[in-house]
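Visitor: predicted model and sequence follow; I will ask about them next.
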Amino acid sequence: MALQHPTPRLDVRRPFTRADAVAAGISRKMLRGSRFRRIFRGVYVDAEVPDQPDIRTAAALMLHPPEAFASHYSAARLYGVPVPAHSLEHVTVWEAERRVYRPGLQPHATQYPTEDDVRVVRGMRVSTPCRMFVELASVLGLVDLVVVGEALIRMRLATRMQIVSYCNASPAQHAGDARRAAEFLRDRVESPMETRLRMLIVLAGLPEPEVNWIVVDEDGVVRCRLDLAYPALKLAVEYDGRQHVEDVAQWNRDLERREWLDLAGWRIIVVTAEGLLRTPAAVVERVRHALADRGCYIARPLLRDDWQPHFRGRR
């Protein structure tokens with residue numbers, strides 16, 4: 001009598017290969033049915049599992065050798081770092097010939113393999129935050145890359161000096177672009193839009209404001225914190241991303257804060273997402289005029305156009 005081998009158990013809520021399915025008694029016909037969803041050719045998951053970044057990344061890694069790791073956009077999504085929408089999964093391998101190509105998958109081969117550049121996140125091998133920053137320099141523009149770097153700092157995944165040091169030491173092809181972006185990184189930036197607002201001001205050639213400036217009263221009591229400020233001029237630039245006010249108590253606190261700043265001699269320029277993304281040139285002019293009113297005159301012809309490739313809108 002032939003021995004009966006037990007059917008291997010398979011967690012279909014995690015990505016699995018066609019070979020895994022066959023070993024578990026799942027036929028090819030079943031794989032083509034409605035119960036399962038194909039992520040990549042040869043990799044499947046239960047159809048009820050949402051299409052989440054970690055599921056797609058795990059599926060991409062299954063197609064590659066054990067030393068492969070998620071990189072570029074895929075690493076950023078696993079860390080929760082804000083990057084532009086991107087449909088491909090990125091995987092890096094040690095040897096170029098071990099790359100696997102599938103629709104929806106972008107494989108890479110590193111010229112400088114080292115385990116120091118890899119960590120495990122949610123059970124998956126992923127580029128370290130600093131390596132990811134350099135990787136993204138090959139696919140992101142300057143402002144988007146600064147947004148990534150300041151998010152890493154805010155999330156305490158890396159310090160500014162760690163990023164700068166890694167970029168300076170990296171022999172990667174796009175390390176130069178990463179080094180330029182790293183020069184703009186600042187601590188204590190609280191949101192991507194605050195990063196974009198500061199970068200718009202700086203790339204236009206205006207003086208760089210202080211980040212998250214603490215304002216104290218004459219008794220040394222902290223009264224508020226300003227997104228961007230020129231303390232010597234008592235001029236602040238604030239980003240307001242609220243489309244409408246739902247918290248009445250917060251709204252009243254904001255009004256009281258604004259009244260105190262007015263009495264203390266501060267001028268506040270409020271910038272919304274609409275202004276920043278659709279009419280950035282107008283934002284630059286508002287800041288320039290406010291600086292001039294406070295004694296820091298910058299002639300219009302002296303402004304730079306470096307911001308234009310990175311922001312929507314027209315002058």
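Guide: It's in. Predicted model only: the values in this text are computed from it and were never measured.

Visitor: which residues in the stretch 201-315 of the chain form strands?
Guide: 210-216, 222-230, 235-240, 267-272 (DSSP state E, counting those that start in this stretch).

Visitor: go on, the stretch 51-200 of the chain?
Guide: Counting by DSSP E, counting those that start in this stretch, the strands of the stretch 51-200 of the chain are 69-70, 89-93, 105-109, 118-121, 124-127.

Visitor: now residue 54: closest residue in space, sequence neighbours ignored.
Guide: Distance criterion CB to CB, 6 or more residues apart in numbering; nearest residue to residue 54, sequence neighbours excluded, is residue 122 at 5.7 Å. Glycine gets a C-beta too; all of them are placed from N, C-alpha and C.

Visitor: count residues in the vicinity of that neighbour, would you?
Guide: Neighbours of residue 122 under the rule other CB atoms under 10 Å: 10.

Visitor: circling back to that earlier point, dump the strands of the stretch 51-200 of the chain to TSV, plus mean pLDDT, distance to residue 306 and mean neighbour count.
Guide: Listed next are the strands of the stretch 51-200 of the chain as TSV, based on pLDDT from 0 to 100; distance: least, CB to CB, whole Å; neighbours: other CB atoms under 10 Å:
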stretch	mean pLDDT	distance to residue 306	mean neighbour count
strand 69-70	97	33	30
strand 89-93	96	28	25
strand 105-109	95	29	19
strand 118-121	95	35	16
strand 124-127	96	29	23
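
Visitor: how about these, which one is nearest residue 277?
Guide: Of all those, the one in closest proximity to residue 277, counting by CB to CB, is strand 89-93 (26.5 Å).

Visitor: packing partners for that closest one?
Guide: helix 53-62, strand 69-70, helix 72-79, strand 105-109 (3 or more CB pairs under 8 Å, 6 or more residues apart in numbering; DSSP states H and E).

Visitor: where's residue 170 relative to residue 133, distance?
Guide: Distance from residue 170 to residue 133, counting by CB to CB, to the nearest Å: 9 Å.

Visitor: looking at those two, which one has more neighbours?
Guide: The neighbour comparison of residue 170 against residue 133 (other CB under 10 Å) goes to residue 133, with 29 against 21.

Visitor: any idea how many residues pack against the closest residue to residue 109 other than its chain neighbours?
Guide: Closest residue to residue 109 apart from its sequence neighbours, by CB to CB, 6+ apart: residue 96 at 3.8 Å. Residue 96: 11 surrounding residues under other CB under 10 Å.

Visitor: cool, residue 33 as well?
Guide: When counting by other CB under 10 Å, one arrives at 11 neighbours for residue 33.

Visitor: same deal with residue 34?
Guide: Residues lying near residue 34 (other CB under 10 Å) number 7.

Visitor: so what's the residue nearest in space to the middle of the chain up against?
Guide: Taking CA atoms, centre = their mean, the centroid of the chain lies closest to residue 82, which sits 2.7 Å from it. By CB atoms under 8 Å, 6 or more residues apart in numbering, residue 82 lies in contact with 76, 147-148, 151, 192.

Visitor: about what we covered before: on the pLDDT front, check the residue nearest to residue 109 for me.
Guide: pLDDT, residue 96: 91.

Visitor: and it, how far from residue 69?
Guide: 15 Å.

Visitor: skipping adjacent residues, who's closest to residue 47 in space?
Guide: Once flanking residues are discounted, residue 47 sits nearest to residue 37: 4.5 Å by CB to CB, 6+ apart.

Visitor: ok, now residue 26?
Guide: Closest residue to residue 26 apart from its sequence neighbours, by CB to CB, 6+ apart: residue 10 at 7.2 Å.

Visitor: about what we covered before: any idea which of the strands of the stretch 51-200 of the chain gets closest to residue 274?
Guide: Taking CB to CB, strand 89-93 is the member of those nearest to residue 274, at 32.6 Å.

Visitor: and the closest one, which strands flank it?
Guide: Using DSSP bridges, strand 89-93 pairs in its sheet with strand 69-70 (antiparallel), strand 105-109 (parallel).
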